[in-house]
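Novice: My questions concern the predicted model and sequence given below.
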Amino acid sequence: MKVLVIGGGGREHAVVKKLSESPKIKKIYCAPGNAGMGKIAQCVNIKATDIDGILDFLKDNPVDLVVVTPDDPLALGLVDKLNERNIRAFGPTAKAAEIESSKAFAKNLMKKYGIPTGAFEVFDNPEKALQYVKNRQYPLVIKASGLALGKGVIIVENYRQAEETINQMMINDMFGSSGHTVIIEEFLQGPEVTVLAFTDGKTIKTMPSCQDHKRVFDNDKGPNTGGMGAFSPSKHYTKEIEEYCINNIFYPTIRAMKKEGRNFKGVIYFQMMLTKDGPKVIEYNARFGDPETQVLLPLLKTDLLDIFNAVTDERLDKTDIQWENSAGATVVLASGGYPKEYTKGYPISGLEQVQKQGITVYHMGTAMKDGEYVTNGGRVLSLTAKGDTVEQAVARVYNNINKVCFKDMHYRKDIGRK
């Protein structure tokens, strides 16, 4: 089979690497791909959001399956366009992907169908939002309803911070049109856990639980990022909690989507807070997480292509998915200054040395210049290791992390300590 993977980050590198292990695959294209994938896929210089460019490429280069993982092309309806042309696609339609691209839609869906989540209000008028936060208990959480690269969630401790955040999002276009509608919700407390699942709209097959670290600095300080590291499994996600989530969150969500005429096929990502009142959904994503994918896919024993085909053809109930009984951890190496201003183009050294120690290197924001890798994004690399325990996997990464070097390299030193 020939496969086209859409995207160019660490998540896509992990997907491409796993697919390349399948004996059924003859050729993998990636659009746009990145510098780290060159040996296992043919990278095509087409942006993930260039829907027409992707469709034109497929006219001349037919494939058996297109795997759409980033949020933007999903929201833009790439899967719909592929379906219209009878091209098999893995990923949700634009209407189904609204579970991520509109937090307002997702929160109202949970409210309508009784799926546990924090108390909230939705505002598209800044004056009404400011009025609402005047006499509230703090902290509160203010979220941009639209897509914001994982950075659109801000915790505010008092009215002054709330006022500033509302003005920045709704009036000053901090996140463009994504912040013109905001959700203001109660601050939930407890351990956070993320569960990703494959679903064909009828059956759900969950992946091992994991936790990510969103803040840029140690001890969860600084602004939110796309994710600075992750580990699996979460010690907080017990069998009892898993059973509760399957019955009260996971299946109710896909059934609700079906009732709303938004049948969801692909990977759905449940981010939850395990509160004293039980698990509550913080948000959904309509695709693989980044960097969670870099932790989870190395633990997968089943051929990933078989799973993608089963989801696409709606026969997931007949597919047995096997996972290694081990732990994993990944640490993101970022450019100094990220998630704000940063410089690109710094040479990267030490990748071969770190790989010799059994560490898997996933490229997130890299480019090739004069035969060497250089930095080309805010999040540059993720380093992944496996172990019998999370502690062992984390130690393997940190024991080798300084073999990799580029100017102003920044990483968190506390991944896995949640």
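Specialist: That came in fine, so what should we check first?
Novice: Nearest residue to residue 144 in space, ignoring adjacent ones along the chain?
Specialist: residue 152 (3.4 Å; CB to CB, 6 or more residues apart in numbering). C-beta coordinates here come from the backbone N, C-alpha and C atoms, glycine included.
Novice: For the one you found, give me its contacts.
Specialist: For residue 152, the contacting residues are 143, 144, 146, 169, 175, 178, 179, 224, by CB atoms under 8 Å, 6 or more residues apart in numbering.
Novice: redo that, cut-off 10 Å
Specialist: Residues counted as contacts of residue 152 (CB atoms under 10 Å, 6 or more residues apart in numbering) are 103, 142-146, 169, 174-175, 178-179, 182-183, 224, 283.
Novice: again, but for residue 284
Specialist: 97-100, 103, 105-107, 109-110, 115, 249, 253, 257, 264, 268-271.
Novice: Strands - which of the residues you listed land there?
Specialist: Counting by DSSP state E, the part of these found in strands is 268, 269, 270, 271.
Novice: What residues are bridge-paired with the second one?
Specialist: By that I understand residue 269. residue 196, residue 285 (DSSP bridges).
Novice: burial of it, as a residue count?
Specialist: Residue 269: 21 surrounding residues under other CB atoms under 10 Å.
Novice: my guess is it meets residue 250, correct?
Specialist: No - at 11.1 Å, residue 269 and residue 250 do not qualify as touching, with contact defined as CB atoms under 10 Å.
Novice: shared neighbours, those two?
Specialist: Common neighbours of residue 269 and residue 250, counting by CB under 10 Å, 6+ apart, are 195, 197.
Novice: Tell me how this protein divides into domains.
Specialist: 2-94, 125-180, 192-318, 327-410 (automatic domain parsing).
Novice: Reformat those into JSON lines and put distance to residue 416 and mean pLDDT next to each item.
Specialist: Converted to JSON lines, these look like this (distance: least, CB to CB, whole Å; pLDDT from 0 to 100):
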{"stretch": "domain 2-94", "distance to residue 416": "18", "mean pLDDT": "98"}
{"stretch": "domain 125-180", "distance to residue 416": "20", "mean pLDDT": "94"}
{"stretch": "domain 192-318", "distance to residue 416": "4", "mean pLDDT": "97"}
{"stretch": "domain 327-410", "distance to residue 416": "4", "mean pLDDT": "97"}
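Novice: wait, is residue 305 part of a strand?
Specialist: No - assessed with DSSP: H, G, I helix; E, B strand; the rest coil, residue 305 is helix; it does not lie in a strand.
Novice: Grab the nearest non-local neighbour of it.
Specialist: residue 22 (4.3 Å).
Novice: who touches the one you found in this structure?
Specialist: Residues counted as contacts of residue 22 (CB under 10 Å, 6+ apart) are 1, 3, 28, 303, 304, 305, 306, 308.
Novice: The last one: what secondary structure?
Specialist: Using three-state DSSP as the criterion, the local structure at residue 308 reads helix.
Novice: would you list every one of the helices in the stretch 151-300 of the chain?
Specialist: Per DSSP state H, counting those that start in this stretch, the stretch 151-300 of the chain carries helices over the ranges 159-166, 239-245, 251-259, 292-296.
Novice: Mean neighbour count, the ones you listed: which tops it?
Specialist: Stretch with highest mean neighbour count among the helices of the stretch 151-300 of the chain: helix 292-296 (a mean of 29; mean count of other CB atoms under 10 Å).
Novice: Just give me how far that one sits from the chain centre.
Specialist: 9 Å (CA atoms, centre = their mean, to the nearest Å).
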